[in-house]
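1. fold the following and give me the result.
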Amino acid sequence: MDYITRAMEERLQKYEKTYKAILVTGARQVGKSTLLKKLFANRRYVSLDDPFMEQQAKEAGDMFLTLNSPPVTIDEVQRAKELFRYIKIKCDESDERGLFFLSGSQPFHLMEDVSESLSGRIGIVELSGLSLRECMKDSFNRHFLPTPEYVAERRRTARKPENIWEMIHRGGYPELQLREKEWSAFYADYVRTYVERDVRELAAVQDLNTFRQLMIAAAARTGEILNYSAIASEIGKDVGTVKNWISILEASGIIYLLEPYTSNVLKRAIKAPKLYFRDTGLVCYLTRWLTAENLAYGAMSGPVFETFAVSEILKSFSNEGLDYRHFVSYYRGRDRKKEKESGEAKEAEIDLIIEENGTLYPIEIKKNTEARAIMTSAFQVLDQIPGKCRGMGAVLCNCPDVGALRDNILQIPVWYI
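-> Purely as a prediction, here's the structure:
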């Protein structure tokens, strides 16, 4: 399979000249090792997946770094957290930059070890699965905003995929871009390896079969407000266990919890997060949508399409070096003006809110090929928030091209993200 250029490459090259150590995190199989080997081919590469290397790093860290002196890339570094103190010593002994490239697929404990040992010495980046831009070999690398300026710049390189549902169903793991790779076999191996290896190591989970049931229950709820009690009832576990297991899925890059927008004036907003899987192919495998055609016309098409759009937006931020957690949220509640007929405030939802420079950009996500202005009626909720202004809004959908629904609302094809 030909190497696919990653949007992260330029930033990693800059980090090599800025930091003494660089950590690349991300879920299993998103391409961390391949990226580092390709981009920094002249560096020594050591993987702690090798039991001998893992033992040496754990038991004789000083000697390990003497035998594998920088510049060096150390893969699966979370397997030997004892090594961080020796990496810190090496960093403090030298004024050189780019001494260590570290990668790990388990940031659950890794982040704590890094923050304690290498604070101020390390640059951290998160690598996601392939974005639609990367799959389409599009070098555009600005984070998504629903503004005319963004659209005008994006239009120069954006290309419509032949079959967007095929790409959504296939998922973003690099290995699956090899068309000969059998889809269901890949995800079967992925789930088995993740559950039997990563989950057991992360939190010593013993009941692996029930954890698989949790993954299926969570996948069936992608794009929904997270209800721990409903999942607990479905898999036969207590709420505390479900919360712990959900945190494992989040920390290991399988899911993302989108927090609600908070403001003192939004007194009737739901406070629970929304759950999104980071890879739509994994959602389809777990919920047994085995073909793109069945998915496109099936009951899960709306939630999976929304999951895809949100995931692509998150990637657009992280690939530009921005922490998407500081920019995105959602709203659902009864803070809208009361309906004239009933005198009651109906519940309204804004799928995604992007906040930047004091401006709130509301986004509705629909799988439809046509968008209508009525889909954005909830956007007016944001006008109540003091100190913020409502910017251009958008309906992200399967429409053929960008268009204006109102003066301050656009319809934008999902492939413009």
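2. quick one: the helices in the stretch 201-350 of the chain?
-> Along the stretch 201-350 of the chain, counting by DSSP state H, counting those that start in this stretch, helices occupy 208-219, 228-235, 239-251, 280-286, 292-296, 301-318.
3. just so I know, which of the ones you listed lies nearest Thr73?
-> Of all the helices of the stretch 201-350 of the chain, helix 301-318 sits nearest to Thr73, with 20.6 Å by C-beta to C-beta. Bear in mind the C-beta positions are built from the backbone N, C-alpha and C, glycine included.
4. pLDDT weak spots in the protein?
-> 1, 106-116, 202-204, 336-345 (pLDDT under 70).
5. report the contact partners of the residue positioned nearest the centre of it.
-> With distances taken as C-alpha atoms, centre = their mean, the residue of the chain nearest its centroid is Arg278 (4.8 Å). Contacts for Arg278 were tallied using C-beta atoms under 8 Å, 6 or more residues apart in numbering; they are Ala27, Ser128, Gly129, Gly253, Ile254, Ile255, Tyr256, Ser311, Leu314.
6. now with 7 Å?
-> By C-beta atoms under 7 Å, 6 or more residues apart in numbering, the contact list for Arg278 reads Ala27, Ser128, Gly129, Gly253, Ile254, Ile255, Tyr256, Ser311.
7. Glu306 against Ile363, yeah?
-> No: taking contacts as C-beta atoms under 7 Å, Glu306 lies outside contact range of Ile363: 10.3 Å.
8. shared neighbours of those two, anything?
-> Asp351.
9. burial of Val381, as a residue count?
-> Counted by other C-beta atoms under 10 Å, the residues lying close to Val381 total 27.
10. residue contacts, it?
-> Tyr331, Asp335, Arg336, Ala348, Ile350.
11. would TSV of those with neighbour count and distance to Glu59 be doable?
-> Below are the contacts of Val381 laid out as TSV (neighbours: other C-beta atoms under 10 Å; distance: C-beta to C-beta, whole Å):
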residue	neighbour count	distance to Glu59
Tyr331	24	52
Asp335	21	58
Arg336	16	62
Ala348	18	58
Ile350	21	53
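12. about what we covered before: looking at the helices of the stretch 201-350 of the chain, which is closest to Ile89?
-> Across these, closest to Ile89 is helix 239-251 (C-beta to C-beta), at 27.8 Å.
13. so which elements touch the closest one?
-> Counting contacts by 3 or more C-beta pairs under 7 Å, 6 or more residues apart in numbering; DSSP states H and E, helix 239-251 is packed against helix 107-117, helix 200-203, helix 208-219, helix 228-235, strand 255-258.
14. what sits against the closest residue in space to Ser47 that isn't next to it in sequence?
-> Among residues not flanking Ser47 along the chain, Asp75 sits closest, at 4.2 Å (C-beta to C-beta, 6 or more residues apart in numbering). Contact analysis of Asp75 by C-beta under 7 Å, 6+ apart lists Ser33, Tyr45, Val46, Ser47, Leu48, Asp49, Ser103.
15. rerun that using 6 Å as the cut-off
-> Shown in contact with Asp75 (C-beta atoms under 6 Å, 6 or more residues apart in numbering): Ser33, Ser47, Ser103.
16. returning to that earlier point: most tightly surrounded among the helices of the stretch 201-350 of the chain?
-> helix 280-286 (a mean of 25; mean count of other C-beta atoms under 10 Å).
17. just the CA atoms of that one, as PDB, please.
-> In PDB, the C-alpha atoms belonging to helix 280-286 read as follows (Å, rounded to 0.1, in the frame of the first residue of the first chain):
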ATOM      1  CA  THR A 280     -17.600   5.300  11.800                       C
ATOM      2  CA  GLY A 281     -16.400   2.000  10.400                       C
ATOM      3  CA  LEU A 282     -16.100   0.600  13.900                       C
ATOM      4  CA  VAL A 283     -19.600   1.800  14.700                       C
ATOM      5  CA  CYS A 284     -20.900  -0.100  11.600                       C
ATOM      6  CA  TYR A 285     -19.000  -3.300  12.500                       C
ATOM      7  CA  LEU A 286     -20.300  -3.300  16.100                       C
END
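18. what does it rub up against?
-> By C-beta under 6 Å, 6+ apart, helix 280-286 touches 168-171, 187, 215-216, 219, 222, 277, 295, 304, 307-308.
19. can you do 7 Å?
-> For helix 280-286, contacts defined as C-beta under 7 Å, 6+ apart pick out 168-171, 173, 176, 184, 187, 215-216, 219, 222, 277, 295, 304, 307-308, 311.
20. again with stretch 299-315
-> Stretch 299-315 is contacted from outside by 128, 131-132, 144, 168, 222-223, 256, 258, 276-278, 280, 283-284, 287, 289, 295, 324, 351-352, 365, 367, 396, 414, 417, using C-beta under 7 Å, 6+ apart.
21. now, the residues you listed that are in strands?
-> Members of the contacts of stretch 299-315 lying in strands (criterion: DSSP state E): Tyr256, Leu258, Tyr276, Phe277, Asp351, Leu352, Ile365, Leu396.
22. distance-wise, check Pro70 relative to Lys37.
-> Separation of Pro70 from Lys37 (C-beta to C-beta, to the nearest Å): 16 Å.
23. which of these two has more neighbours?
-> Pro70 (20 against 14).
24. and that one, which helix or strand is it part of?
-> Following DSSP states H and E, there is no helix or strand that holds Pro70.
25. the residue nearest to it when sequence neighbours are not counted: what's it in contact with?
-> Leaving aside its chain neighbours, Pro70 sits nearest to Leu99 (3.8 Å; criterion: C-beta to C-beta, 6+ apart). Contacts here follow C-beta under 7 Å, 6+ apart; on that basis Leu99 touches Lys20, Ala21, Pro70, Pro71, Lys90, Cys91.
26. for the first one, what are its contacts?
-> For Lys20, the residues meeting the contact criterion (C-beta under 7 Å, 6+ apart) are Cys91, Arg97, Leu99, Arg121.
27. nearest to Ala158 among these?
-> Of those, the one sitting nearest to Ala158 (C-beta to C-beta) turns out to be Arg97, at 35.9 Å.
28. count the neighbours of that closest one for me.
-> Arg97: 16 neighbours (other C-beta under 10 Å).
29. so it: helix, strand or coil?
-> When classified by DSSP: H, G, I helix; E, B strand; the rest coil, Arg97 comes out as coil.
30. how near is it to Ala41?
-> Distance of Arg97 to Ala41, given as C-beta to C-beta: 18 Å.
31. can you show me the CA trace of stretch 131-146 as PDB?
-> Extracted in PDB, the C-alpha atoms of stretch 131-146 (Å, rounded to 0.1, in the frame of the first residue of the first chain):
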ATOM      1  CA  SER A 131      -9.400  12.300   7.600                       C
ATOM      2  CA  LEU A 132     -11.500  12.700   4.400                       C
ATOM      3  CA  ARG A 133      -9.000  15.300   3.300                       C
ATOM      4  CA  GLU A 134      -6.100  12.800   3.700                       C
ATOM      5  CA  CYS A 135      -8.000  10.000   1.900                       C
ATOM      6  CA  MET A 136      -8.700  12.400  -0.900                       C
ATOM      7  CA  LYS A 137      -5.000  13.600  -0.900                       C
ATOM      8  CA  ASP A 138      -6.100  17.100  -0.200                       C
ATOM      9  CA  SER A 139      -3.300  19.200   1.400                       C
ATOM     10  CA  PHE A 140      -5.800  21.800   2.800                       C
ATOM     11  CA  ASN A 141      -5.100  22.100   6.600                       C
ATOM     12  CA  ARG A 142      -7.300  24.700   8.200                       C
ATOM     13  CA  HIS A 143      -9.800  23.900  10.900                       C
ATOM     14  CA  PHE A 144     -13.500  24.000   9.900                       C
ATOM     15  CA  LEU A 145     -15.600  27.100  10.400                       C
ATOM     16  CA  PRO A 146     -19.000  27.700   8.700                       C
END
